[in-house]
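[1] I'd like to go over a predicted model; first the sequence, then the structure.
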Amino acid sequence: MSFVSVDNIFQSYGMRPILERVSVAVDEGEFVSIVGASGCGKSTFLRLLLAQERPTRGEIRIAGAPPAEEPGLDRGVVFQRYSVFPHLTVRDNIVAGESFRSAWGRFSGAARRAAQARADETLKRIGLDHVADQYPATLSGGMQQRLAIGQALTAKPRVLLLDAPFGALDPGTRLAMHDFLTELREETGMTVFMVTHDLEEGFKLGDRVLVFDKPRWDPTNPEAYGATITYDFDARDGGIPYQRLEEKIHVFGPT
Amino acid sequence: MRLINRQPGVVLRAVLMALPFVAVLVAYAIGSEIRLAENPSDKLLPAPSTIAATAERLFTEADRRSDKILLWHDTAASLMRLAMGVGIAAALATILGLLIGLLPHVRATLAAFVAVVSMIPPLAVLPILFIVFGLGELSKVVLIVVGILPFLIRDLSQRVLEIPREMIVKAETLGASSLVIALRVALPQLLPRLIQSVRLSLGPAWLFLIAAEAIASEVGLGYRIFLVRRFLAMDVILTYVLWITLLAFLMDLALRQLAKRAFPWTEAGL
């Protein structure tokens, strides 16, 4: 049994099919990039994984649990925008990752001090300790996304879902964010799904790249059919995973 | 250079700002001068000096019969009614706005109802309020509440609906319950908007207050204005109008400052 199993998903809005026959099995710790043209159901698929929507047919199971009815602690998410709370300081945003699950959404006394200390640890790790007392609006786009990822990871989700998280960032910041995400993954071994518009980014970060496209196309009625996964690339080692073995045999090593 | 790109300098800006005020004062002074030259006992446009003297008397001298300075009593009574009306309306609107904005079931139940109720002209139900709640303080406070509550509820529930869905979903993935989302995500983001909405509804609130006081009251700014109208005491009326304007302006200023101080996170926009 794979960690995340997507079993024959259909999703349509009214009469309009968006996704059809989507099935995929993902192991724990895999990084799955999701690419495809605009309007091909990438974000719909992510919302289904998030349980923000439920599929018309089929089911999604994480770690064998019954299909979720609403977003919960087992799924963490970072959107392109609006992923941090503007009315909380940077530190409180991280603390929220732990405190929101409590009855009143806040800690007091010793629990609060402990959570703040842990938050400061996290902030140091993601390089935001110098702005701990500021509000997110004063941060740059890259810092806000780093905070959003840090906040999502504080809740210790089973699966991390990223919806074009670096789409609004400039190229330099984006590269820095790639390194940041790669580092975090090595530390946590998290299962990640990332929707991206950037093919290169998808192949660089992902272990697998899923391509969404419409396999059937009715020229007189473009909306007649939904999209599905048309390619499932193995993207390890820069997209050529099976040459690793050969390289080791044929390359002259140091004697 | 295009007119839309011309900016006044610092000095000119200050002069331009003062200009309409000065113009109104000068126009009034001239009008009053002309009328008084024709008929020295004219009551319609008393001279500015007469108004100043009246204002001084009203603010400092006690009434001969009751031995109280009436203006301060009127002010205290009116502000009390206004504060209670606006406070109750704001508190109710916050709770209902959150419920309507966050819970689809409450929204389905109440949104259309509030939209229809907000079309009732509050002054038209004033007689009903007087009949039901009597002529005391309660009916005046209720009129203010009835007058501004529908607007506040509609405005605030709309603001709650405008909170990005992403932010709510994010809170859900952090394990927040509906209550926690309401208290820790929606409410804090609603409060700055609440202050803006209250600022906007202060105008109508004053209107309803003065209307209620004019019809049935024994003390209050609106009551006094309508009382002295019978004697054509324009100097008293104008003093009261200026005083009310000043009070309203100061309230608006105070709320604006409060919004700035209490919610520093709104400063940088977002």
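    Arrived safely, thanks for sending. Because the structure is a prediction, the values reported are computed rather than measured.

[2] please make it C-alpha for all contacts and neighbour counts, starting now.
    Fine.

[3] show me where the chain has its helices.
    If you meant another chain, say so; for now it's chain A. Applying DSSP state H to chain A gives helices spanning A:42-50, A:90-99, A:109-125, A:141-154, A:171-188, A:199-205, A:236-239, A:244-250.

[4] think we crossed wires, I meant chain B
    B:10-38, B:48-60, B:70-102, B:104-117, B:126-133, B:137-162, B:165-173, B:178-180, B:187-215, B:221-228, B:234-262.

[5] need the ones you listed in a markdown table with mean neighbour count, can you?
    A markdown table is the format used below for those (neighbours: other Cα atoms under 10 Å in any protein chain shown):
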| stretch | mean neighbour count |
| --- | --- |
| helix B:10-38 | 13 |
| helix B:48-60 | 15 |
| helix B:70-102 | 20 |
| helix B:104-117 | 13 |
| helix B:126-133 | 16 |
| helix B:137-162 | 22 |
| helix B:165-173 | 22 |
| helix B:178-180 | 17 |
| helix B:187-215 | 19 |
| helix B:221-228 | 20 |
| helix B:234-262 | 15 |
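
[6] hmm, back to that, what's the most buried one of the helices of chain A?
    Counting by mean count of other Cα atoms under 10 Å in any protein chain shown, helix A:90-99 has the highest mean neighbour count of these, with a mean of 27.

[7] not counting its neighbours along the chain, what's nearest A:Phe203?
    A:Ala235 (5.6 Å; Cα to Cα, 6 or more residues apart in numbering or on different chains).

[8] ok, the residue in the stretch 101-250 of chain A that chain B sits nearest to to B:Pro164 distance?
    The nearest approach of the stretch 101-250 of chain A to chain B comes at A:Arg101, 4.4 Å away (Cα to the nearest Cα). Separation of A:Arg101 from B:Pro164 (Cα to Cα, to the nearest Å): 20 Å.

[9] what pLDDT does A:Arg21 get?
    On the pLDDT scale, A:Arg21 is placed at 87.

[10] thought it was touching A:Phe10?
    Yes - A:Arg21 is within contact range of A:Phe10, at 5.8 Å (criterion: Cα atoms under 8 Å).

[11] which one's more surrounded, those two?
    Neighbours were counted for A:Arg21 and for A:Phe10 using other Cα atoms under 10 Å in any protein chain shown; A:Phe10 has more, 22 against 17.

[12] residues from chain B in reach of chain A?
    B:164, B:166-167, B:169-177, B:179-180, B:183-185, B:188-189, B:263, B:265-266, B:268-270 (Cα under 8 Å from any Cα of the partner chain).

[13] okay, now the unreliable bits of chain A?
    Low-confidence segments of chain A (pLDDT under 70): A:1, A:238-255.

[14] near chain B, which residues of it?
    Going by Cα under 8 Å from any Cα, the residues of chain A near chain B are A:52, A:71-79, A:81-88, A:96-98, A:100-105, A:135, A:137-138, A:152, A:155.

[15] swap the cut-off to 7 Å and go again
    By Cα under 7 Å from any Cα of the partner chain, the residues of chain A that approach chain B are A:71-73, A:75-77, A:79, A:82-83, A:86-87, A:97, A:100-101, A:104-105, A:135, A:137-138, A:155.

[16] narrow these to just the buried residues.
    Buried residues within those, counting neighbours by 16 or more other Cα atoms under 10 Å in any protein chain shown: A:71-73, A:75-77, A:79, A:82-83, A:86-87, A:97, A:100-101, A:105, A:135, A:137-138, A:155.

[17] and the closest residue to A:Pro55 other than its chain neighbours, what does it touch?
    Nearest non-adjacent residue to A:Pro55, counting by Cα to Cα, 6+ apart: A:Gln11, 5.0 Å away. A:Gln11 is in contact with A:17-20, A:55-57, counting by Cα atoms under 7 Å, 6 or more residues apart in numbering or on different chains.

[18] now list the buried members of those residues.
    A:17-20, A:55.

[19] ok, so of these, who is nearest chain B?
    Ranked by distance to chain B (Cα to the nearest Cα), the buried ones among the contacts of A:Gln11 are led by A:Pro55 at 17.4 Å.

[20] quick check: the closest one touching A:Ile9?
    Yes - counting by Cα atoms under 7 Å, A:Pro55 does reach A:Ile9; the two are 6.4 Å apart.

[21] shared neighbours, these two?
    Joint contacts of A:Pro55 and A:Ile9 (Cα under 7 Å, 6+ apart) do not exist.

[22] roughly how far is stretch B:28-40 from the heart of the chain?
    Put simply, stretch B:28-40 sits 34 Å off its chain's centre (Cα atoms, centre = their mean, to the nearest Å).

[23] what about residue 61, how many residues nearby?
    Using chain A here. 17.

[24] hmm, I had chain B in mind actually
    14.

[25] give the contact list for it.
    B:Ile69.

[26] please report how far it lies from chain A.
    50 Å (Cα to the nearest Cα, to the nearest Å).

[27] same check, this time on B:Leu58
    From B:Leu58 to chain A the distance is 47 Å (Cα to the nearest Cα).

[28] could you report the pLDDT at that residue?
    87.

[29] give the closest residue to A:Ile62 in space, chain neighbours not counted.
    In space, A:Ile62 is closest to A:Val4, 4.6 Å off (Cα to Cα, 6+ apart).

[30] and what of B:Arg159?
    B:Leu190 (6.9 Å).

[31] one more: A:Gln144?
    A:Gln144's closest residue in space is A:Pro136 (Cα to Cα, 6+ apart), at 6.4 Å.

[32] list the contacts of the one you found.
    Neighbours of A:Pro136 in contact, by Cα under 7 Å, 6+ apart: A:86, A:89-90, A:144.

[33] which among the residues you listed gets closest to chain B?
    Distances from chain B to those, taken by Cα to the nearest Cα, are shortest for A:Pro86, at 6.6 Å.

[34] picking that back up, next one: the residue nearest to A:Ile62 from chain B, what distance?
    The value you get for A:Val4 to chain B, if Cα to the nearest Cα is used, is 17 Å.

[35] which strand residues bridge that residue?
    Beta-bridge partners recorded for A:Val4 (DSSP bridges): A:Val26, A:Ile62.

[36] wait, isn't A:Met212 in contact with A:Gly226?
    Quick fix: residue A:212 reads Phe, not Met. No - A:Phe212 sits out of contact with A:Gly226 when judged by Cα under 7 Å, with a separation of 9.9 Å.

[37] and B:Pro20, what does it touch?
    Counting by Cα under 7 Å, 6+ apart, there are no residues that B:Pro20 touches.
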